[in-house]
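[1] Structure, please.
(one chain, ligands or ions: 1)
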Amino acid sequence: AQAEIGLIGLGTMGAALALNIAEKGFPIAVWNRTTEVTHRFHAGAGELAEQVVPTETLEELVAKIAEPRTIILMVPAGPAVDDQLAALTPLLGQDDLVIDAGNADFHDTNRRSEAGLPFRFLGMGVSGGEEGARHGPSIMAGGTAADWDRIGKVLTAISAKAEDGSPCAARMGDAGAGHFVKMVHNGIEYADMQMIAEVYGLLRDGMDKSAGQISAIFDNWNNGPLQSYLIEISAKVTAASDPHGDRPMVDMILDRAGQKGTGRWTAIEAQHLAAPIPVIEAAVMARNVSARLDERKAGEERFGAPATGIDLPPQVLEQALIAGKILCYAQGFLMIEGAAKSFGWSLDLPGIARVWRAGCIIRSAMLNDMADALAEDPGRNLAMAPYFADLIEKALPALRQVVANGIAAGHPLPALASGLMWFDMMRTARGTANMIQAQRDFFGAHGFERIDGIADEHGPWGSSQ
Ligand code: 6PG
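    This is a model prediction of the structure:
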């Protein structure tokens, strides 16, 4: 029998996705550059092996898939995708469809979509790590509606399901829209992680809490408004012991964060779009600073470590994190809204919040309410939606207290603090850009607008130069 779908690339994510597809009842042909990997995968597929067709060449893969063919690419983002598309070019017809399911840069997906490939092409963001890929990821696709309709049945079947049963898989828009939304997802992922890490740092260094005590606090928060996958795993990682000794595992891990680039892309793209996303930018910055371990050691030797003796109840930290999270998502959704306008994509903001409710790394209880608030008015700053404005109003004193106490004692809180800075700027009607405009006009005759409508574009600086 012909396979219904094909998959190229049996690394961790590809293998998990292939098993998921097979399990949902779709016979799948698979191919990997190293044939041994393909056979090992097939042999390890257990009772799903019947649904899996291992192939040894690309020609064989193509021959084993029913027409019109659909092939999922799960190879490392970048040149490997272009190489694979080139290799498939002589083998596929114009009705065949290739789906790039890696973490591609959305600009590459735009380029590939416009390159006149001799087959159909979808770019698809997949979130949820190996576990998600195996049992239900969140899926953000970009391409034509017709191509989505053709394969949407399979993709919704393998996707995570929200509590109300709806699939966390959707077409975001044309071309690179899916990978764009996945990129912002990852930016928010960085920010969520960083804010949790900042609170962890305050508990550890400002309040002398042990990893076990911190774990209990996170665990408790996971039953409240902060309920989320990232809080859940933070409770788990702080509870684990080092197998090579009996110290907490987290205490044995070097504080130097890795990054593959998607957070950085979000920050760079935000600058192109003039979209303020300071919480995400702070999270990327913090990872970059974390890499400078030797310089940080020298800094502490010269200036001393942050002070302990901070006294903040866990409820205050929880409220600060709630506020920070809302502000971070508000920024992320405004960036998506800006991209929709700039790129001419009709991105469905509440739909994006719904797709993030399950399966993905940033899944959380709060996304339900965010989807509802965005449905009322997608272009609005989420912090101004009545439901979230009330939450912010309640949590803001805690955020101020945490940031003020932390900063006073020398604890770096870049993400939480920059969320607060952004909020305070966004609710200040009379800011200080009049000063910037005056300076610009002084040294460069750049002109300015007046508050009284008089059409005087330049200041009387001539004589004082
Ligand atoms: C996901 C993750 C996934 C991957 C990140 C990690 O949604 O499943 O975002 O895509 O874990 O790329 O990114 P860093 O290596 O940059 O932290």
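
[2] What count of nearby residues applies to L58?
    Here the number of neighbours of L58 (other C-beta atoms under 10 Å) works out to 19. In this view, the C-beta of every residue, glycine as well, is placed from N, C-alpha and C.

[3] how much space between it and the ligand?
    Using C-beta to the nearest ligand atom, to the nearest Å, one gets 26 Å for the distance from L58 to the ligand.

[4] Ok, S228 next?
    The spacing between S228 and the ligand, counted by C-beta to the nearest ligand atom, is 13 Å.

[5] Count the neighbours of that residue for me.
    The number of residues packed near S228 is 21, by other C-beta under 10 Å.

[6] Equivalent analysis for D149, please.
    The number of residues packed around D149, counting by other C-beta under 10 Å, is 10.

[7] now the one 4 residues further on
    Taking other C-beta under 10 Å as the criterion, the count of residues near K153 is 11.

[8] My reading is that it lies in a strand. Confirm?
    No - read with DSSP: H, G, I helix; E, B strand; the rest coil, K153 is helix and lies in no strand.

[9] can you tell me which helix in this structure is longest?
    Here the longest helix in the chain is taken by residue count, with DSSP state H as the criterion, and it is helix 314-343.

[10] Just checking that helix against the ligand, any contact.
    No - Helix 314-343 is not in contact with the ligand by C-beta under 6 Å from any ligand atom; minimum separation 13.7 Å.

[11] May I see the buried residues of that helix?
    The neighbour-count check on helix 314-343 (16 or more other C-beta atoms under 10 Å) flags 314, 316-340, 343 as buried.

[12] following it, which helix or strand shows up next?
    Of the helices and strands lying after helix 314-343 in sequence (DSSP states H and E), the nearest is helix 349-355.

[13] and the helix or strand that comes right after that next one, average pLDDT?
    Toward the C-terminal end, the helix or strand that comes next after helix 349-355 (DSSP H and E) is helix 366-376. Summarised as a single mean, pLDDT over helix 366-376 is 97.

[14] Please apply the same query to stretch 230-244.
    Per-region confidence: stretch 230-244 scores 98 on mean pLDDT.

[15] Need the contact partners of it.
    Counting contacts by C-beta atoms under 8 Å, 6 or more residues apart in numbering, the residues outside stretch 230-244 that touch it are 189, 192-193, 196, 200, 211-212, 214-216, 218-219, 221-222, 247-252, 361-362, 364.

[16] near the ligand too, which of those residues?
    Cross-checking the contacts of stretch 230-244 against the ligand (C-beta under 6 Å from any ligand atom) gives 189, 361 as the overlapping residues.

[17] hmm, back to that, between the longest helix of the chain and helix 366-376, how big is the angle?
    Angular relation of helix 314-343 and helix 366-376 on a 0 to 180 degree scale: 40 degrees, by axes from the mean of the first three to the mean of the last three C-alpha atoms, to 10 degrees.

[18] Just give me how far helix 314-343 sits from the chain centre.
    Chain-centre distance of helix 314-343: 12 Å, with C-alpha atoms, centre = their mean, to the nearest Å.

[19] And for stretch 105-114?
    Distance of stretch 105-114 from its chain centroid, counting by C-alpha atoms, centre = their mean, is 19 Å.

[20] Who is the residue of the stretch 1-150 of the chain found nearest the ligand paired with across the strands?
    Using C-beta to the nearest ligand atom, the closest approach of the stretch 1-150 of the chain to the ligand is made by S127 at 3.0 Å. Residues found in beta-bridge contact with S127 (criterion: DSSP bridges) are S138.

[21] what sits against it?
    The neighbourhood of S127, defined by C-beta under 8 Å, 6+ apart, consists of 137-138, 140, 182, 185-186, 359-362.

[22] distance of it from Y190?
    S127 sits 13 Å away from Y190 when distances are taken as C-beta to C-beta, to the nearest Å.

[23] Equivalent analysis for L88, please.
    Here the criterion is C-beta to C-beta. By it, L88 lies 33 Å from Y190.

[24] cool, N110 as well?
    Here the distance between N110 and Y190 works out to 23 Å (C-beta to C-beta).
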